[in-house]
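Peer 1: I would like the atomic coordinates for the input below:
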Amino acid sequence: DPLALLALLPAFETPGDDALGQSVLASLRAAKSKASLRPELVRNLFKKHPAALREQAEAFVREIDADVAHQAARIDSLLAELKPLDGDVRRGQSVFLGQKAACYNCHKIGYRGGEVGPDLTSISKARTERDLLEAIVYPSASFVRSYEPVIVRLKDDTEVSGILRSESDKELVVVPGPGAEQRIPRADVAEVRPGTVSLMPAGLETQISRQELADLLAFLKNTKWGAQ
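Peer 2: Predicted coordinates for the structure are as follows:
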């Protein structure tokens, strides 16, 4: 699943091991959740490998970097599939709080959930059904203010990606994922630039059934007063 994939990848950052790199790239190409991969994550994974492998990795990045027209067509197709399924709010709440989708790890509705991503308690007031589906399927299509991803490059050329929770003249506090927080001394920072890919993994629609997706949408469309 997307969350496991992103958590496992750092273990394979082995400089120069071409056989391992080839194996990892082959596994990524075959992964159902490969849409959750951020381009810079793939590039960083292979940046210390031979040029030939880096070129193969770049070709893979182009494959997963779907264009806007393709995304729009995909959303239209999914909406058509979901329309007859009659989503249920109560079942959708179970999907939101369940382990398979694990939305609550990053998002809060009412009194339950995390704070890595935006609070969704009143999301139905600001987003249409299509907007909500696009945010689920293509979370990098748009960002909520104050939750834009950043990439912090350190003076040793390592990079940290995440949400910039706070900053001062002494340190930056970056949240790279659920339950994680990284404090970076300002003196170690070489550059801070905007990220282009959401921390929320893409590909959730491949991990849950169409009925579960319809139920989740129904729940999010009726969150004016939060989870009951």
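Peer 1: tell me the mean pLDDT for the helix or strand where residue 25 lies?
Peer 2: Element membership for residue 25 (DSSP states H and E) is helix 18-30. Mean per-residue pLDDT for helix 18-30: 90.
Peer 1: cool, and stretch 132-140?
Peer 2: 90.
Peer 1: how about residues contacting the biggest strand by length in the chain?
Peer 2: Ranked by residue count, the top strand of the chain under DSSP state E comes out as strand 159-167. Contact with strand 159-167 is made by 38, 40-41, 44, 116, 147-154, 172-177, 180-182, 184, 186, 192, 195, 199, as judged by Cβ atoms under 8 Å, 6 or more residues apart in numbering. To be clear about C-beta, it is placed using only N, CA and C from the backbone, and glycine gets the same treatment.
Peer 1: strands paired with it, and their directions?
Peer 2: strand 149-154 (antiparallel), strand 171-175 (antiparallel) (DSSP bridges).
Peer 1: only the buried residues of the longest one, if you could.
Peer 2: Translated: strand 149-154. For strand 149-154, the neighbour count (16 or more other Cβ atoms under 10 Å) marks 149, 150, 151, 152 as buried.
Peer 1: let me know whether the last one touches residue 174 as I believe.
Peer 2: Put plainly, it is residue 152. Yes: taking contacts as Cβ atoms under 8 Å, residue 152 lies within contact range of residue 174: 6.0 Å.
Peer 1: common neighbours of the two, please.
Peer 2: Residues touching both residue 152 and residue 174 (Cβ under 8 Å, 6+ apart): 160, 161, 162, 184.
Peer 1: from residue 221, how far out is residue 201?
Peer 2: Distance of residue 201 to residue 221, given as Cβ to Cβ, to the nearest Å: 22 Å.
Peer 1: looking at these two, which is more packed in?
Peer 2: Each of residue 201 and residue 221 has its neighbours counted (other Cβ atoms under 10 Å); residue 201 has more, 23 against 17.
Peer 1: pretty sure that one is in a helix, no?
Peer 2: No: with DSSP: H, G, I helix; E, B strand; the rest coil as the criterion, residue 201 is located in coil rather than a helix.
Peer 1: could you tell me the per-residue confidence at it?
Peer 2: 81.
Peer 1: swap in residue 218?
Peer 2: Looking at residue 218, its pLDDT stands at 95.
Peer 1: any idea how far residue 18 is from it?
Peer 2: When residue 218 is compared with residue 18 (using Cβ to Cβ), they lie 49 Å apart.
Peer 1: show me which of these two is the more surrounded one.
Peer 2: Higher neighbour count among residue 218 and residue 18: residue 218, with 21 against 12, using other Cβ under 10 Å.
Peer 1: mind listing what residue 5 touches?
Peer 2: By Cβ under 8 Å, 6+ apart, the neighbours of residue 5 are 31, 33, 34, 36, 37, 201.
Peer 1: for residue 123, state which of those residues is nearest.
Peer 2: Set against residue 123, the nearest of the contacts of residue 5 by Cβ to Cβ is residue 201 (18.6 Å).
Peer 1: ok, residue 202 - how many residues close by?
Peer 2: By other Cβ under 10 Å, the residues close to residue 202 number 23.
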